[in-house]
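>>> Please find the sequence and the predicted model below.
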Amino acid sequence: MNDRLQALSDAGVSIWLDDLSRERLTSGNLAELIATKSVVGVTTNPTIFASALSNGESYAEQLAGLTDVDEAIQLATTTDVRNAADLFKDIYDATGGFDGRVSIEVSPELAHDYEATVAQAQELYDIVGRENLLVKIPATDAGIPAIAEVIGRGISVNVTLIFDEDRYRQVMDAYLTGLETADAAGRDLSKIHSVASYFISRVDSEIDARLTALGREDLKGKAAVANAQVALGAFEEVFGSERFQVLKAKGANPQRPLWASTGTKDPAYPDTLYVADLVATNIVNTMPEKTLNAFADHGKVGRPMEGTEAEGRAVMQEIADAGVDLADVFKTLESEGVDKFIVSWKELQETVRTALAG
């Protein structure tokens with residue numbers, strides 16, 4: 001086991017890989033990462049599957065004879081996710097369901113459609129048929145009530161595309177509402193899990209561009225970590241509340257923060273920045289393999305984030321005082337996040353359409 005990644009794991013961080021493909025599964029690469037690099041879960045998104053299915057050879061046999069593009073996509077992706085879930089089953093059992101998780105996302109084209117999101121979340125859960133599945137639902141206005149409904153049905157959820165505290169608090173409230181619904185229906189709360197995927201690097205990218213325009217280079221590269229510090233403080237407050245303690249006494253699990261988009265986009269920043277500086281107990285960091293390997297090679301575990309909420313708020317206030325409209329930043333990031341996944345989804349459809357035609 002790699003010592004640097006083991007030290008990160010020992011510090012309380014669950015290391016998940018932000019990538020999945022048929023090739024990773026059949027070559028033994030994913031099994032090797034589990035065995036040697038402390039990987040205990042996998043996340044996927046439309047961009048990841050668009051890249052995976054562009055390697056048509058791995059999927060050709062399974063998709064042969066199919067004509068419906070969306071049916072082919074669902075078959076290929078749910079098969080990969082099911083097989084990955086089986087690979088992680090021992091970790092899932094050993095961690096009581098917190099790790100050993102594999103995520104699959106509802107179509108991003110449904111991001112603003114509550115009913116369709118709920119229906120597809122149920123469909124994906126039924127098709128994959130594995131308890132260690134997390135269905136990814138975006139934290140849009142339509143996604144928030146969908147999260148509550150799906151959790152209430154006993155389906156574990158990875159809430160994605162969270163950028164700011166206000167939206168995050170809505171996500172946590174939806175999770176607790178879902179748990180209360182599940183409890184009223186007599187469901188076993190201990191079997192329901194959730195993570196809240198808080199996006200990191202995109203925050204710096206958007207705010208850095210605005211700081212440059214304002215001539216405040218001195219504040220660049222600080223927003224993403226500060227924003228995460230604020231998020232962790234909100235997490236500690238909500239899951240330390242009396243409302244959650246009532247549910248916890250019935251077996252409920254906290255909805256863990258998951259740091260997503262943790263590969264640095266600005267080459268001026270250390271390539272392990274969004275791993276080393278985001279260390280806390282009982283959180284998840286899902287990394288692209290490039291970032292995972294960088295940390296394995298030269299990463300150092302930074303100071304714990306617990307108790308740094310005030311520090312993060314001060315940095316975010318300084319950025320706002322410099323003239324950055326944070327509300328507009330977060331609205332822009334959420335909108336762009338959905339749009340980017342829709343573009344990837346259409347690319348995925350076109351890749352599969354070409355493969356089926358050939």
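Right, received. Where do you want to start?

>>> now the helices for the stretch 151-300 of the chain?
Using DSSP state H, counting those that start in this stretch, the helices of the stretch 151-300 of the chain run over residues 165-184, 201-214, 223-238, 242-248, 273-276, 289-298.

>>> So which of the ones you listed is the most surrounded?
Each of these was given a mean neighbour count from mean count of other CB atoms under 10 Å, and the largest, a mean of 24, is that of helix 273-276. C-beta coordinates here come from the backbone N, C-alpha and C atoms, glycine included.

>>> which helices and strands sit right next to that helix?
When contacts are defined as 3 or more CB pairs under 8 Å, 6 or more residues apart in numbering; DSSP states H and E, helix 273-276 sits against helix 223-238, strand 283-287, helix 289-298.

>>> Quick one: residues in contact with it.
Counting by CB atoms under 8 Å, 6 or more residues apart in numbering, helix 273-276 makes contact with 8, 13, 200-201, 221, 224-225, 259, 261-264, 270, 285, 287, 291, 295, 299-302, all of which sit outside it.

>>> And the buried ones among these, selectable in PyMOL?
Here is the PyMOL command that picks out the buried ones among the contacts of helix 273-276, judged by 16 or more other CB atoms under 10 Å:
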select buried, resi 8+13+200+201+221+224+225+259+261+262+263+264+285+287+291+295+299+301+302
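
>>> Any figure for the gap between Ile283 and Ile34?
Distance check for Ile283 against Ile34: by CB to CB, to the nearest Å, it reads 19 Å.

>>> In terms of neighbours, single out the busier of the two.
Set side by side, Ile283 and Ile34 give different neighbour counts by other CB atoms under 10 Å, the larger being at Ile283 (23 against 19).

>>> what bridges to that one?
Partner residues in beta bridges with Ile283: Val13, with DSSP bridges as the criterion.

>>> which ones are touching it?
Gly12, Val13, Ser14, Leu232, Arg256, Pro257, Leu258, Trp259.

>>> can you check Phe98 too?
When contacts are counted by CB under 8 Å, 6+ apart, Phe98 touches Ser14, His193, Asn253, Arg256.

>>> Run a quick neighbour tally on the closest residue to the last one other than its chain neighbours.
Put plainly, it is Arg256. Of all residues not flanking Arg256 in the chain, Val195 sits nearest, at 5.0 Å (CB to CB, 6 or more residues apart in numbering). Number of residues near Val195 (other CB under 10 Å) recorded here: 29.
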